[in-house]
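Q: coordinates for the following, if possible.
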Amino acid sequence: MARSARSHQSTVRITLDAPEELVLSGVRLAGTKQTVFYQAIREWKTSKATQRVATVRQTEMIRAEILRVFGYAVSTEQLWDTTYFFDFSRPVRDFLWKSLHDAHHIGTYWKHIPDCEARMTCQVCGVTEDLAHILLKCEAPGQNEVWAVTRELWQRKHPEWPELTVGTLLGCGLARFQSARNVAGIQQLYRILISESMFVIWKLRNERVIQRAGAELPLQEILNKWNQAIVSRFEIDRVLANRPRHGKRASIDPGRVIETWSAVLVNEENLRKEWLRLAGVLVGSTEIASRALQTRTVRHGEG
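A: Numbering: from 1, shown residues only. Next up, the predicted model:
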């Protein structure tokens, strides 16, 4: 009987796999964080998007300048990663992202907009505006003065002052310096000084052109804005270095802050070793800006 039953068993294989039309690809909705969905959407959009000609042209120019000035090749991905560096303030990161896309409303952006063609031209220099002109060449008070005091402050930390081009400015997050000691601190300070100074120049231009109808800004105001940007950036690092690490609250390694800002503080040789915990510590930008203003005043017989 049993042998007969076995001989009549079906040879059809039973599978527990779900039918193909019922199988859903992707991730489980339950228990998945919102960041996962956000990242997936960004990756999907990126895969579908075609690169803008202006973006490709701009990023290739920056990569070429990094290679020429700092002597090493970087990838496009490395360049875009700098727009997320925490050494840059959030407004600076936004400015860099838009600059890498060459998407600022300046210069040829206005060429084909009726009644706006005059906005293409720098009203001081009479040439078509672009980032290179605004950040490095414009004869209006602003860029020349800011880079002069930035260079003086930087050279308290490191003697090498790299060539400034629009490519090295926008790619400042990838700058490299040969140094036997404190390479990380040197590179971090360079990122901060260059990015903050560049952004100050950009804001000075916008204030002059948009808010002041082309009227030049006084030297004292220019230097005050630059000094405030540097001091504020230092204070942010100092406060975060003293904040206890707790959960998701932002904090910075105190050793990193010391490596970054040492050698550019006012009266640093007389400060105690725990200067990072002291309120009122000044960056050298304060005295540099003050001296630059006094020098210009005496030279021109003002006051």
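Q: dump the residue contacts of Thr82.
A: Listed by Cβ atoms under 8 Å, 6 or more residues apart in numbering, the contact set of Thr82 reads 88, 96, 171, 173-174. In short, each C-beta sits where N, CA and C put it, glycine included.
Q: could these be laid out in a markdown table, adding pLDDT, secondary structure and neighbour count?
A: Shown next, in a markdown table, are these (pLDDT from 0 to 100; DSSP: H, G, I helix; E, B strand; the rest coil; neighbours: other Cβ atoms under 10 Å):
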| residue | pLDDT | secondary structure | neighbour count |
| --- | --- | --- | --- |
| Phe88 | 95 | coil | 23 |
| Leu96 | 97 | helix | 25 |
| Gly171 | 97 | coil | 27 |
| Gly173 | 96 | helix | 24 |
| Leu174 | 96 | helix | 20 |
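Q: what's around Trp154, how many residues?
A: Neighbour count of Trp154, defined by other Cβ atoms under 10 Å: 21.
Q: how much space between it and Pro218?
A: Using Cβ to Cβ, to the nearest Å, we find Trp154 at a distance of 24 Å from Pro218.
Q: model confidence for the nearest residue to Ile194 once chain neighbours are set aside, exactly?
A: Nearest non-adjacent residue to Ile194, counting by Cβ to Cβ, 6 or more residues apart in numbering: Cys172, 4.2 Å away. Looking at Cys172, its pLDDT stands at 97.
Q: ditto for Arg63
A: 97.
Q: show me where pLDDT drops low in the stretch 51-200 of the chain?
A: Low-confidence segments of the stretch 51-200 of the chain (pLDDT under 70): 180.
Q: hmm, Ser251 is touching Pro244, no?
A: Yes - shown here, Ser251 and Pro244 form a contact pair, counting by Cβ atoms under 8 Å, at 7.1 Å.
Q: okay, those two: which has more neighbours?
A: More crowded of Ser251 and Pro244, by other Cβ under 10 Å: Ser251, with 13 against 6.
Q: mind listing what the more buried one touches?
A: When contacts are counted by Cβ under 8 Å, 6+ apart, Ser251 touches 240-241, 243-245.
Q: which of the residues you listed sits closest to Lys137?
A: Leu240 (35.9 Å; Cβ to Cβ).
Q: can you tell me the closest non-neighbouring residue to that closest one?
A: The spatially closest residue to Leu240, leaving aside those adjacent along the chain, is Ile252, at 4.3 Å (Cβ to Cβ, 6+ apart).
Q: re the thing from before, most surrounded residue in the contacts of Ser251?
A: Tallying neighbours with other Cβ under 10 Å puts Ala241 at the head of the contacts of Ser251, with 19 neighbours.
Q: so which helix or strand takes in that one?
A: Here Ala241 sits within helix 219-242, counting by DSSP states H and E.
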